[in-house]
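> I'd like to go over a predicted model; first the sequence, then the structure.
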Amino acid sequence: MAPLTLSVTVQDSSISSSSEGVIAGGTAGVVVETALYPIDTIKTRLQAARGGEKLLLKGLYSGLAGNLAGVLPASALFVGVYEPAKQKLLRMFPENLSAFAHLTAGAIGGIAASFVRVPTEVVKQRMQTGQFTSASNAVRFIASKEGFRGFYAGYGSFLLRDLPFDAIQFCLYEQIRLGYMLAARRNLNDPENAIIGAFAGALTGAITTPLDVIKTRLMVQGPANQYKGIVDCVQTIIKEEGPSAFLKGIGPRVLWIGIGGSIFFGVLESTKRVLAERRPKLALRPNTEKSKD
């Protein structure tokens, strides 16, 4: 009967971990998006500006409400997929290759969340660049003029940016956190998790800025379609603006993602801890019942 007892215990733990990840991810996503939305708006306008266009600093919270409607399920879905995928991959990979488990889990979570993230990102960035005054207007216009495909404009470039971003950021965070825990020989507190999250976020943000510029240009172009795709976008930017254009918005992006990483991982870990502390200790019940038999 012992193997059956072990199987039930592991299954219960896995389900609890996944549901806690969904709640923690959604909470962290909403908090960080609300806090840092103005910086993201400035970054988007810098990247979308062509030539010497003047930067508009009004309406920095434009599109926030509609964006939160997408951020909540996307963040919940990402962490809800990432956590169980990470645990399974860590059991598959040897301990010295744990980084590959974190990289792969981050990419898997990113793919799952992308189906919600991309339409939300398209609407958000169209509003941030002043094309629409409300999310509902943006949705109606895109649906009527561009169709379903309009909501997934720049999907390829989004994956090109976000899959490496998710994989690198979560891998850096997990690996630094593991190393710190081994050195300290204890669990980390919330400020320590937040500091590690800030470093991982800022570094990943800097590395992926060129990919973010490409993604932004493709998403905000609208029905005009001045870019035929990722390759054409890259070639056009180099020809008309030079290679330095790929670093547009790097300052706000690093600041935004660095602070965002601090808030996100800090809230994520603290929420997971609170949920775990409140978790009913159901895993012990099968053992008790089996021992009575």
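Noted; the coordinates are in hand.
> Buried residues of the helix or strand P84 falls within, list them for me.
For P84, the host element (DSSP states H and E) is helix 64-92. Going by neighbour count (16 or more other Cβ atoms under 10 Å), the buried part of helix 64-92 is 64, 66-68, 70-87, 89-90. C-beta coordinates here come from the backbone N, C-alpha and C atoms, glycine included.
> same for that helix, what does it pack against?
helix 2-48, helix 98-128, helix 135-145, helix 155-184 (3 or more Cβ pairs under 8 Å, 6 or more residues apart in numbering; DSSP states H and E).
> Tabulate those (TSV), appending distance to A198.
Listed next are the helices and strands packed on helix 64-92 as TSV, based on distance: least, Cβ to Cβ, whole Å:
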stretch	distance to A198
helix 2-48	12
helix 98-128	18
helix 135-145	30
helix 155-184	10
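> deepest of the ones you listed, which one?
helix 98-128 (a mean of 22; mean count of other Cβ atoms under 10 Å).
> relative to helix 155-184, how tilted is that helix?
Inter-element angle recorded for helix 98-128 and helix 155-184: 130 degrees (by axes from the mean of the first three to the mean of the last three Cα atoms, to 10 degrees).
> Packing partners of helix 98-128?
Here helix 98-128 touches helix 2-48, helix 64-92, helix 135-145, helix 155-184, helix 209-220, going by 3+ Cβ pairs under 8 Å, 6+ apart.
> List the contacts of G258.
Contacts for G258 (Cβ atoms under 8 Å, 6 or more residues apart in numbering) come out as 198-199, 201-202, 205.
> switch to 7 Å and redo it
198, 201-202, 205 (Cβ atoms under 7 Å, 6 or more residues apart in numbering).
> Specify which member of those is nearest to K239.
G205 (26.3 Å; Cβ to Cβ).
> in which helix or strand would I find that closest one?
helix 190-207.
> Now do the buried residues in that helix.
Result for helix 190-207 [16+ other Cβ under 10 Å]: buried residues 192-205.
> From the chain's centre, how far out is it? Work that out for me.
Centre-to-centre, helix 190-207 and its host chain are 13 Å apart (Cα atoms, centre = their mean, to the nearest Å).
> That one to helix 155-184, inter-axis angle?
Going by the same axes, to 10 degrees, helix 190-207 makes 140 degrees with helix 155-184.
> list the helices and strands helix 190-207 packs on?
helix 155-184, helix 250-278 (3 or more Cβ pairs under 7 Å, 6 or more residues apart in numbering; DSSP states H and E).
> State the mean pLDDT of it.
Helix 190-207 carries an average pLDDT of 94.
> Also stretch 237-255?
Stretch 237-255 carries an average pLDDT of 90.
> So what touches that stretch?
Applying Cβ under 7 Å, 6+ apart, the external contacts of stretch 237-255 come out as 39, 42-43, 46-47, 202, 205-206, 209-210, 212-213.
> Now distance to V22 too, for the residues you listed, in JSON lines please.
Listed next are the contacts of stretch 237-255 as JSON lines, based on distance: Cβ to Cβ, whole Å:
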{"residue": "I39", "distance to V22": "27"}
{"residue": "I42", "distance to V22": "31"}
{"residue": "K43", "distance to V22": "28"}
{"residue": "L46", "distance to V22": "34"}
{"residue": "Q47", "distance to V22": "31"}
{"residue": "A202", "distance to V22": "27"}
{"residue": "G205", "distance to V22": "25"}
{"residue": "A206", "distance to V22": "30"}
{"residue": "T209", "distance to V22": "30"}
{"residue": "P210", "distance to V22": "32"}
{"residue": "D212", "distance to V22": "27"}
{"residue": "V213", "distance to V22": "32"}
